[in-house]
Structures are given as C-alpha cells and as structure tokens.
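Colleague: Provided below for reference: sequence and predicted model.
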Amino acid sequence: MEFEVKNLHVSYGGIVALDGLYMNVSDGEIVCLIGSNGAGKSSLLRAISGLVKPAIGQIIFNGQDISNLPPHKIVSMGVSHSPEGRRVFASLTVEENLLMGSYILSHVENTILDFVYTTFPVLKERAKQFAGTLSGGEQQMLSIGRSLMSKPELLLLDEPSLGLSPLITKELFALIKLINESQGISILLVEQNAKAALKLSSRGYVLDVGYVTMEGKSADLLNSQQLKESYLGKEK
Ligand SMILES: Nc1ncnc2c1ncn2[C@@H]1O[C@H](COP(=O)(O)OP(=O)(O)OP(=O)(O)O)[C@@H](O)[C@H]1O
Ligand SMILES: [Mg+2]
C-alpha cells in the first residue's frame, strides 16, 4: 500500500477547508491527524474517499491519482471510510449493516464477516438487533466493522472515540491496533483525543485551518512543548 496527498485544496463555495495539504501513510502504519474544530480533518477524509472533489492537488493511492474518481470506485480499490458521527443505518440490523459494507465485492466473503465478529464479539451477539438501538460504543464498532467488510488496504477513521467513555475508548483503540497488526491494514486516524491518538500511532500530523503545522514521530509529538500547551493538556 502506498498513499500520498500532495498540495490538496478543498473549498465549499467560498469557505476554504484545505489549503495546500501534504501528507502520506506508509504501508502498515497507523498515522494520526489532530487539530482543532474546523481545521479540515474530516474534509481531508471526505476528499480521500471521493465525497468532495478537491480544487487542486493529488491523492495518490498505489500509484494512481484517485482525486477525481467516484466514491464506489475508491472503495473498490481498497480505501474505506468510517465517517464522523458513525452513520449506521438505524433501521437495519447489525448484520444487514455489515453486509452493506461489502456491496462493492462480487460476493460476501464469510472470512471477513467472521473476522469482524471475532474482533467485535458484541456485534455477533447483536447481529439481529436494529443498529439504531445499539449503544454509542457499539455503533462505533459497527461503523468500523462495516468499513472492514470491503477488504480495505487503507482504513480512514474519523473520530472513533467521539462520545465514548475513557474506558470504552481504550478498548476501541486496542481493537484498532489489533486490526492494524493482524490484517496489515494501514490506518489514517482523525482524533480530537490527541494524547490517545499519538500513543496509538507511529506518526502524526497537526492541522491548522487547512494545512499541516507540525508533523513527526508520535513519540516526539507527545513530548513537544508546543503541542502540550495547545492540545495535550498540561499534565502528562
Ligand atoms: N458542507 C460544507 N459546507 C460549507 N462549509 C463546510 C462544509 N463542510 C465543512 N465546512 C467547513 O470547512 C471547514 C473544515 O471543516 P471540517 O469538517 O473538515 O473540520 P474538522 O477538522 O473535521 O472539524 P471537527 O473537529 O469539528 O470535526 C470548517 O470551517 C467547516 O465549517
Ligand atoms: Mg471533523
């Protein structure tokens, strides 16, 4: 897997969301993207998955510029997106939601469904339950599970910890690590929870209104004075 974003510009009408962004993810890496509200994090994930079209720039996945391809084509190439706010289909069951995730494959591969159920046993227990009745943490697991169903090489996660308790967040992050290590899936993780995200990832980027202001190894960013003051809180 090779992934690189070059000089990306995204606007909504007159509002500039990304203003010359460069970043990359190496094969097998977990890379995190942190930054305050409105910095452009979700816009980057939406541009990668084809939901918004960049005005300028390139998004290179496995040697091909995907920046003008439609979303279903991008999914079928191996990029999958678990969006901000989960977006499960509330009136479908858990299993129906998961099966929707493999719509681009010619047939559902039971090994993938088995993997999702092994990773998130609660989803197997709740397979016939309507997704709208799941707890927040369970819905987040379903959203991630559904994005695994298309067999991605690159998984885009937008704020998986949003609204979850610290304990559930910890469990979820351990599962994200497991998905990365056991399946070799590369992960781009957007998080407000900067400290937890930096602990999970190998590298990180800090975004400020549309471009990268800091980047580096996560361990170095965790120790950065500037980041401590702005994002990580005072105590370690
Ligand atoms: N559909 C839209 N129409 C107009 N402006 C938008 C749209 N989506 C996003 N924006 C604007 O683009 C900028 C970046 O938004 P984006 O959602 O990418 O930020 P973010 O970093 O994900 O923020 P948050 O942490 O709050 O999720 C913001 O100023 C936002 O108001
Ligand atoms: Mg966002």
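Modeller: Good, I have the coordinates. Ligands and ions are numbered 1, 2, ... in the order given.
Colleague: quick one, what contacts residue 222?
Modeller: Residue 222 makes contact with 195, 198-199, 232 under the criterion C-beta atoms under 8 Å, 6 or more residues apart in numbering. Heads up, the C-betas are built off the backbone N, CA and C, glycines and all.
Colleague: I meant residue 171, not that one.
Modeller: Counted by C-beta under 8 Å, 6+ apart, residue 171 has contacts residue 137.
Colleague: may I have the phi/psi pair for it?
Modeller: Listed backbone geometry of residue 171 is phi -60, psi -40, with angles given as degrees, to the nearest 10.
Colleague: again with residue 28
Modeller: According to degrees, to the nearest 10, residue 28 has phi 80, psi 0.
Colleague: top of the contacts of residue 222 by number of neighbours, please.
Modeller: Highest neighbour count within the contacts of residue 222, by other C-beta atoms under 10 Å: residue 198, with 25 neighbours.
Colleague: if I look at the closest residue to it other than its chain neighbours, how far off is residue 179?
Modeller: Spatially, and ignoring its direct neighbours in sequence, residue 198 is nearest to residue 218 (4.3 Å; C-beta to C-beta, 6 or more residues apart in numbering). Distance of residue 218 to residue 179, given as C-beta to C-beta, to the nearest Å: 18 Å.
Colleague: cool, and residue 130?
Modeller: 25 Å.
Colleague: pick out the residue closest to the middle of the chain.
Modeller: residue 157 (1.4 Å; C-alpha atoms, centre = their mean).
Colleague: so what's that one bridging to?
Modeller: residue 82, residue 189 (DSSP bridges).
Colleague: which residues are in contact with it?
Modeller: So residue 157 contacts 82, 144, 176, 187-190 (C-beta under 8 Å, 6+ apart).
Colleague: and those residues, which is closest to ligand 1?
Modeller: residue 190 (6.8 Å; C-beta to the nearest ligand atom).
Colleague: so how many other residues sit close to the closest one?
Modeller: Neighbours around residue 190, by other C-beta under 10 Å: 24.
Colleague: still on that earlier bit, and the residue nearest to residue 198, backbone torsions?
Modeller: Taking degrees, to the nearest 10 as the convention, residue 218 sits at phi -60, psi -40.
Colleague: what does stretch 59-67 contact?
Modeller: Against stretch 59-67 from outside (C-beta under 8 Å, 6+ apart): 1-6, 8, 47-48, 50, 53-54, 57-58, 73-74, 77-79, 153-154.
Colleague: many thanks, have a good one.
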